[in-house]
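Engineer: Predicted coordinates and the sequence they were generated for:
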Amino acid sequence: MHVAYYKNKVIYLPNCERSSWQQLYMASIKQELTCIHCHTPLKMELGILKPPSFTHVQATNECIEAASLMTKKFTQHHINLNEKQNVHSDSGFSIPKRRSISSSVEQNEIENWKEPEQVRAIPNFNEKKATTGHLALNPYREKLQKSGIYLDNQQWEAVQTTEGPLLILAGAGSGKTRVLTTRTAYMLSELNYSPKELILVTFTAKAAKEMKERMRLYPGLNRQTLNQLVIGTFHSIFYKMLMHHDPQRWSPSNLLKQDWLRQAMIKEAGRELNLDEKEFAFDQALTQISWWKNHLMAPEKIKGKDLFEERVVYLYKRYEEMRKAQNAFDFDDMLLGLYELLHENDRLLKRYQQRFSYVSVDEFQDINKVQVELITMLSDRTKNLCVVGDDDQSIYAFRGSEPSYILNFKERYHNTKMVILSENYRSSHEIVSSANNVIHTNRQRYQKQLHAQTSTHSPPLLFYPFDEEEEATMIVTDIKKQIETGANPEDFAILFRTNTAARALIERFISSSIPFQLDADGDSFYQRKAVRKILAYLQLGINPDDGHALTDLIGALFLKQETVQEIKAASITNNCTFVEALPLIKGLKPFQTKKLQTLPTKFKQLKEKSPIDAIAFIEQEMGFSEYVKKNGNEGNKMERGSDDVRDLKVVARQHDTIEDFLRHINHMTIKFDELRNQKANPNSVQLMTIHRAKGLEFKHVYILSTVEGGLPHDYALEAWRDGDDKPLEEERRLMYVAITRAEDSLKISIPLMRRGKKAFRSRFAREIQRIAPEQAHKSRERNVANGQGIHD
Ligand SMILES: Nc1ncnc2c1ncn2[C@@H]1O[C@H](COP(=O)(O)OP(=O)(O)OP(=O)(O)O)[C@@H](O)[C@H]1O
């Protein structure tokens with residue numbers, strides 16, 4: 001059904017602007033859309049696969065007749081019911097829409113709808129399974145197979161290579177965990193190496209635990225042997241070593257465990273520079289300091305590139321002084337401490353080299369400078385260093401990791417043997433081919449192609465929501481339908497590039513009945529600096545005595561926090577509101593006083609506006625644009641204040657009054673906090689950043705906002721325009737990681753609008769539609785052999 005009654009008007013869906021669909025959808029949830037005949041509330045379907053429609057649950061024949069009669073009227077040439085009634089749109093709906101409709105066409109289809117498309121560039125599936133019988137069967141391999149542990153030939157080759165430097169390039173889903181655990185088990189139970197000789201470094205504690213648990217299932221391995229094995233993260237293993245040598249200095253009580261402890265130190269140092277606690281990006285400063293430490297860069301050796309960096313260098317220097325004076329250490333010091341200890345103490349280094357004859361490292365693509373140096377030192381005697389990783393999944397440059405360590409491994413460690421694991425056991429052929437299509441464009445990589453074991457004949461889907469809001473609605477609707485027909489919530493994951501990209505999605509899940517879990521760092525979108533300040537303006541517009549809002553706002557007026565007390569005092573002595581007291585502050589420069597004098601009137605004007613107009617007014621008339629320009633992205637190239645304001649405008653457009661807008665935000669902020677403290681429910685839809693999804697797998701995956709600026713992120717595009725394509729290559733790897741998380745189905749969202757502007761489909765969404773040359777070549781060879789053509 002395409003007609004409904006809404007706000008005292010009859011509306012016809014094909015005539016409604018695309019931008020209004022989301023509002024209509026929200027209206028349907030509030031039961032404001034009704035049947036034109038019986039006035040029963042209608043449900044609006046706004047999903048991925050089909051154009052939207054209204055559903056009438058118990059429609060009578062009269063209801064259906066009335067709807068079809070009305071539809072006919074709307075579709076007649078130049079005739080429009082609302083036009084006759086001379087009703088004009090006042091809520092964003094173009095009713096009537098002044099366009100001619102061919103009288104011969106029964107115009108009952110939605111022209112504004114853009115059909116989803118399947119990925120076409122899928123080569124024919126090669127049924128050939130991974131080879132398992134080519135190498136001569138080894139009794140141990142047979143034993144493994146009897147225990148249900150199958151290895152393909154490439155995996156088996158990696159397991160058997162125990163001596164010398166070994167690089168195992170493990171494509172996504174190719175069983176690197178299986179290889180690492182089997183290789184360790186093989187060395188222990190088959191070659192009878194002592195567990196004390198082995199050290200296995202993982203990237204997360206979870207991975208270490210999983211490997212230990214898996215190893216318990218291997219034939220011939222007992223608990224006692226496994227307990228002697230050194231397996232854990234860099235931090236856990238190396239910290240134990242430090243504790244062993246100097247327990248007093250490295251006592252856990254000296255650890256700066258929480259971020260706020262470190263922040264407190266740099267904030268104290270910041271006061272020496274007169275940095276405003278609420279304005280300066282201290283969190284960014286800590287990330288930068290950590291990056292330098294992991295790159296073995298002492299503060300004396302760093303020259304800041306800009307004012308922000310110069311300040312952070314100072315904070316770094318003072319932080320180190322304060323930390324040392326307190327005998328404290330942070331997580332980075334655990335690695336640096338051991339690095340220094342082994343450098344200074346050659347005898348100790350030799351002892352460790354003597355003890356650990358076999359060093360293995362997982363997730364080698366994510367390694368950083370200090371970690372590389374440490375494992376090189378430890379394995380230097382025997383050169384028995386086995387590293388497992390995937391250069392295509394290196395996504396932690398911001399934390400100091402570099403794909404160059406894995407790419408240059410062979411140059412750094414002579415006589416390296418390289419084994420490539422290219423059989424993917426996780427995803428369908430259609431998903432694997434799409435991943436291959438995207439990643440092959442990267443230049444900084446080992447050329448390789450993943451190969452899937454099965455085909456579902458169901459290619460990934462590209463779909464086109466109008467904007468962020470509609471994207472969220474479509475995905476929630478899609479998942480809901482699948483759950484209704486038997487799928488489990490835990491089968492689904494929605495992946496996004498940044499937390500802010502998921503704002504609308506989180507809100508839609510909060511309002512739905514679907515169990516979900518959010519796995520992302522950081523506060524709610526509405527707690528972000530620029531957003532909080534805009535909201536403070538709006539709150540003061542409504543309540544000019546709002547003390548919290550005044551505190552949030554003060555920096556945006558280029559005033560110091562101490563001024564808040566002065567304003568409050570002036571409001572008491574002059575018996576006026578905080579806003580009215582703004583022009584009464586003494587000791588300011590004349591231009592500042594002049595600006596403050598205009599504010600009370602402007603705050604009054606603000607109150608009367610719609611949320612979207614009010615934000616524009618705050619930006620242009622109340623000086624906020626100027627503030628954002630100066631302070632919007634201090635030290636943070638990833639998240640700019642101006643983008644946050646544009647994101648906020650997307651929400652603002654959905655609300656008619658400031659009160660309603662603020663109520664919505666307040667509700668969502670409370671719900672977001674509850675979410676943070678809620679107990680984990682394993683059977684829930686997973687919402688997470690792509691970074692968090694690494695190493696995980698889900699039956700059905702959705703990727704959000706695959707548009708230029710979203711994925712790839714704006715900052716990478718800027719770097720690329722300046723001639724640096726490294727960040728863009730990392731974004732492509734992120735896309736690759738996201739795609740390869742999916743087992744059975746993958747849906748990629750390409751909104752038409754982003755942050756209120758026309759969006760352009762991501763280059764990755766274009767690349768996915770072009771068959772990777774290597775795949776095309778193989779497919780052509782096969783097809784020639786089979787006498788078929790290929791589609792690309
Ligand atoms: N030889 C094999 N035969 C059948 N299944 C296998 C084989 N090797 C691995 N698998 C299965 O393939 C899946 C992916 O393996 P695993 O999680 O170890 O991949 P991965 O290489 O760590 O992936 P990623 O790097 O993408 O996170 C697992 O379910 C694993 O049990």
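Structural biologist: Sure thing, it's come through.
Engineer: who's in contact with residue 570?
Structural biologist: Counting by Cβ atoms under 8 Å, 6 or more residues apart in numbering, residue 570 touches 576, 581, 584, 585. Quick note: C-beta positions are derived from backbone N, CA and C, even for glycine.
Engineer: any chance of those in CSV, plus neighbour count?
Structural biologist: Putting the contacts of residue 570 into CSV (neighbours: other Cβ atoms under 10 Å) gives the following:
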residue, neighbour count
576, 17
581, 24
584, 17
585, 17
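Engineer: Could you restrict those residues to the ones contacting the ligand?
Structural biologist: Residues of the contacts of residue 570 in contact with the ligand (Cβ under 6 Å from any ligand atom): none.
Engineer: Show me where the stretch 601-750 of the chain has its helices.
Structural biologist: Assigned by DSSP state H, counting those that start in this stretch, the helices in the stretch 601-750 of the chain fall at 611-621, 624-631, 641-652, 658-677, 690-693, 714-721, 726-739.
Engineer: ok, and for the third one, which residues are buried?
Structural biologist: Along helix 641-652, these residues count as buried under the neighbour rule (16 or more other Cβ atoms under 10 Å): 641, 643, 644, 645, 646, 647, 648, 649, 650, 651, 652.
Engineer: Show the average pLDDT along that helix.
Structural biologist: Mean pLDDT, helix 641-652: 92.
Engineer: which one of the helices of the stretch 601-750 of the chain has the lowest average pLDDT?
Structural biologist: Lowest mean pLDDT within the helices of the stretch 601-750 of the chain: helix 624-631, a mean of 84.
Engineer: gap between stretch 575-582 and the chain center?
Structural biologist: 43 Å (Cα atoms, centre = their mean, to the nearest Å).
Engineer: which residues sit against it?
Structural biologist: Residues outside stretch 575-582 that contact it (Cβ under 8 Å, 6+ apart) are 540, 544-547, 550, 557, 567-568, 570-571, 574, 596, 599-600, 603.
Engineer: hmm, try it at 7 Å
Structural biologist: The contact list for stretch 575-582 (Cβ atoms under 7 Å, 6 or more residues apart in numbering) reads 540, 544-545, 550, 567-568, 570-571, 574, 596, 599-600, 603.
Engineer: Cross those residues against helices and list the overlap.
Structural biologist: Taking DSSP state H as the definition of helices, the contacts of stretch 575-582 contribute 540, 550, 567, 568, 570, 571, 596, 599, 600, 603.
Engineer: what about burial for the residues you listed, which qualify?
Structural biologist: Neighbour counting with 16+ other Cβ under 10 Å marks 540, 550, 567, 570, 571, 596, 599, 600, 603 as buried within the ones in helices among the contacts of stretch 575-582.
Engineer: Mind putting these into CSV with pLDDT?
Structural biologist: What follows is those, written out as CSV (pLDDT from 0 to 100):
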residue, pLDDT
540, 96
550, 94
567, 93
570, 92
571, 93
596, 90
599, 93
600, 94
603, 94
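Engineer: circling back: can you list the contacts of stretch 575-582 in a markdown table and add distance to residue 500?
Structural biologist: As requested, the contacts of stretch 575-582 are exported to a markdown table (distance: Cβ to Cβ, whole Å):
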| residue | distance to residue 500 |
| --- | --- |
| 540 | 24 |
| 544 | 30 |
| 545 | 31 |
| 550 | 26 |
| 567 | 31 |
| 568 | 33 |
| 570 | 37 |
| 571 | 35 |
| 574 | 41 |
| 596 | 32 |
| 599 | 29 |
| 600 | 33 |
| 603 | 28 |
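Engineer: I'd assumed residue 279 was in contact with residue 631.
Structural biologist: Yes. Look at residue 631 against residue 279 with Cβ atoms under 7 Å: they come within range, at 6.4 Å.
Engineer: and stretch 284-303, which residues are buried?
Structural biologist: Using 16+ other Cβ under 10 Å as the test for burial, stretch 284-303 gives 284, 285, 286, 288, 289, 290, 291, 292, 293, 294, 299, 302.
Engineer: Which helix or strand contains the fourth one?
Structural biologist: Secondary structure assignment for residue 288, by DSSP states H and E: helix 282-294.
Engineer: Can you give me the distance of whichever residue of the stretch 451-600 of the chain sits closest to the ligand to residue 304?
Structural biologist: In the stretch 451-600 of the chain, the residue that lies nearest the ligand is residue 453 (7.5 Å; Cβ to the nearest ligand atom). From residue 453 across to residue 304, the span is 52 Å (Cβ to Cβ, to the nearest Å).
Engineer: Looking at these two, which one has more neighbours?
Structural biologist: Neighbours were tallied for residue 453 and for residue 304 using other Cβ atoms under 10 Å; the higher tally belongs to residue 453 (19 against 14).
Engineer: what does stretch 375-389 contact?
Structural biologist: Contact with stretch 375-389 is made by 163-168, 170, 176, 179-180, 342, 349, 352-353, 356-365, 406, 409, 413, as judged by Cβ under 7 Å, 6+ apart.
Engineer: let me fix that: stretch 18-33
Structural biologist: Stretch 18-33 is contacted from outside by 4, 6, 16, 41-44, 46, 52, 54, 92-93, 112, 466, 469-470, 473, 654, using Cβ under 7 Å, 6+ apart.
Engineer: what stretches of the stretch 101-250 of the chain score poorly on pLDDT?
Structural biologist: For the stretch 101-250 of the chain, the stretches with pLDDT under 70 are 101-109, 129-137.
Engineer: Helices along that one, start to end?
Structural biologist: 139-146, 153-160, 176-185, 205-216, 223-228, 234-245.
Engineer: Next, the buried residues of the first one.
Structural biologist: What that stands for is helix 139-146. Within helix 139-146, the residues scored as buried using 16+ other Cβ under 10 Å are 140, 141, 144.
Engineer: Mind putting these into CSV with distance to the ligand?
Structural biologist: Converted to CSV, those look like this (distance: Cβ to the nearest ligand atom, whole Å):
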residue, distance to the ligand
140, 15
141, 11
144, 10
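Engineer: List the contacts of stretch 222-233.
Structural biologist: By Cβ under 7 Å, 6+ apart, stretch 222-233 touches 188, 195-196, 198-200, 202-205, 208, 211-212, 215-216, 237.
Engineer: Can you name the residue of this structure that approaches the ligand most closely?
Structural biologist: For the chain, Cβ to the nearest ligand atom, closest residue to the ligand: residue 175, 2.6 Å.
Engineer: Next, count neighbours for that residue.
Structural biologist: By other Cβ under 10 Å, 23 other residues sit near residue 175.
Engineer: cool, residue 202 as well?
Structural biologist: The number of residues packed near residue 202 is 25, by other Cβ under 10 Å.
Engineer: same check, this time on residue 583
Structural biologist: By other Cβ under 10 Å, the residues close to residue 583 number 17.
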